[in-house]
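Chemist: Sequence first, then the predicted structure:
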Amino acid sequence: MIPELIFIIGPSCSGKSSMSQVICRIHSEYSVLDDVSPLYKIFQADRLLHQQQTDSFFSFIKEHNLESYYDKNKPVSYSHPNFQGGYLIDNPVVWNIVLTILGKQIKNKYTIVEFSRGSDSNYNNAFNIIDDEVYPLSFSCLCRDINPLFLEKALIMNIDAPLDARKKRNKHRFENGGHLVAENTMNTIYRKNIFNDEQTYFLINDIKIPVFSIKNDKNNIDVLDFFINEFQKAIKFYQGFHNDIQ
C-alpha cells in the first residue's frame, strides 16, 4: 500500500524535487505538481501589467485561468520584477492564491505536490498569524478542492536541510537553468523550517495525515541512495500509521 497523494514540504532547496524524482523512479504511476509553476504564471502576468501591455495581460490571464484573481476593471499586480533578477512580492495573499490554483490541479490518484513556506512577517501580518499557523492556513487553501478520499490516503514528507547547504543548492540550481531564490529571502524567510518536525500527523479537513520528517544533510553525490532509503522508511511509517488507526 502506497499513498495516493504525497505532499512534500520544507524550506527552499531542502531536496523536495530530488525526493520527487526518486519516488517517480520507484513508482512511475506518480505525477508531480509544484507551486513554482502557478507562481511564475502570476509573475508573468504582473510583468505585463507593469509594462502596461494591457491587451497582452488580459489575454494571458484568460489563457491561464487567472481572471478570477485580478480586478477586470482596475487590475493590481501581486509582484514586481527585481532589477537584480527574479521578482519581489507586493501582496502576500499571492501565496494563498498559488496554493488554491495548485489544489485545483489535483485530480488524479498518485500525485506528488511540492511547496515551500517560510517565516514571512508580511504574510503573517496580513493574516494576523504566527509561524506555527502558516502551514495550517496554507494546507487549507491547497486542499479546499481536493477529493477527501485522496486525503484519507495521503502522506506528508517534511524535508529539512542546513541553510548553508540549501544556499549552495540554490546557486547550483540557478547555474543549471533553474529558478533562483534571492539571497536575502534565503537568509530571512527560508532561514529555518517552520514546520514542526516532531509531529507524527497533521490535521487537514479533520483527517489525520501522517507526517514523515527527513533531515537532508547529504551532498549531491550521496543524496540519491539517501532519499531511496528515506522513502522506503516513509512507506513503512505510512503503512504502520494506517494499521494503527484501523
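Modeler: Everything's here; your move. Residues are numbered from 1 along each chain as shown.

Chemist: So in this structure, which strand runs the longest?
Modeler: strand 207-215 (DSSP state E).

Chemist: What average pLDDT does it get?
Modeler: Computed over strand 207-215, the mean pLDDT rounds to 96.

Chemist: Please apply the same query to stretch 153-160.
Modeler: On average, stretch 153-160 scores 97.

Chemist: can you check stretch 90-105 too?
Modeler: Computed over stretch 90-105, the mean pLDDT rounds to 95.

Chemist: Ok, stretch 181-201 next?
Modeler: Stretch 181-201 shows a mean pLDDT of 90.

Chemist: Now do the longest strand of the chain: everything it contacts.
Modeler: The contact list for strand 207-215, computed with Cβ atoms under 8 Å, 6 or more residues apart in numbering, reads 7, 15, 19, 148, 151-152, 154-161, 197-203, 230, 233-234, 237-238, 241-242, 245. (C-beta placed from N, C-alpha, C; glycine too.)

Chemist: Quick one: buried ones out of those residues?
Modeler: Taking 16 or more other Cβ atoms under 10 Å as the criterion, what is buried in the contacts of strand 207-215 is 7, 15, 19, 151, 154-161, 202, 230, 234, 237-238, 241-242.

Chemist: and these, which of them are in helices?
Modeler: Counting by DSSP state H, the buried ones among the contacts of strand 207-215 place 19, 151, 230, 234, 237-238, 241-242 in helices.

Chemist: ok, which pair from those residues is furthest apart?
Modeler: Checking these against each other with Cβ to Cβ, the farthest-apart pair comes out as Leu151 and Glu230, at 22.6 Å.

Chemist: just checking, Trp95 touches Arg117?
Modeler: Yes: contact status for Trp95 versus Arg117: in contact at 7.4 Å, counting by Cβ atoms under 8 Å.

Chemist: Alpha carbons only: can I get the helix or strand hosting Ser59 in CSV?
Modeler: For Ser59, the host element (DSSP states H and E) is helix 54-63. Extracted C-alpha coordinates of helix 54-63, given in CSV (Å, rounded to 0.1, in the frame of the first residue of the first chain):
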residue,chain,number,x,y,z
THR,A,54,-2.9,45.7,-21.2
ASP,A,55,-4.2,43.6,-24.2
SER,A,56,-1.4,41.0,-23.7
PHE,A,57,-2.1,41.0,-19.9
PHE,A,58,-5.8,40.2,-20.3
SER,A,59,-5.1,37.6,-23.0
PHE,A,60,-2.5,35.9,-20.7
ILE,A,61,-4.7,35.7,-17.6
LYS,A,62,-7.6,34.3,-19.7
GLU,A,63,-5.4,31.7,-21.3
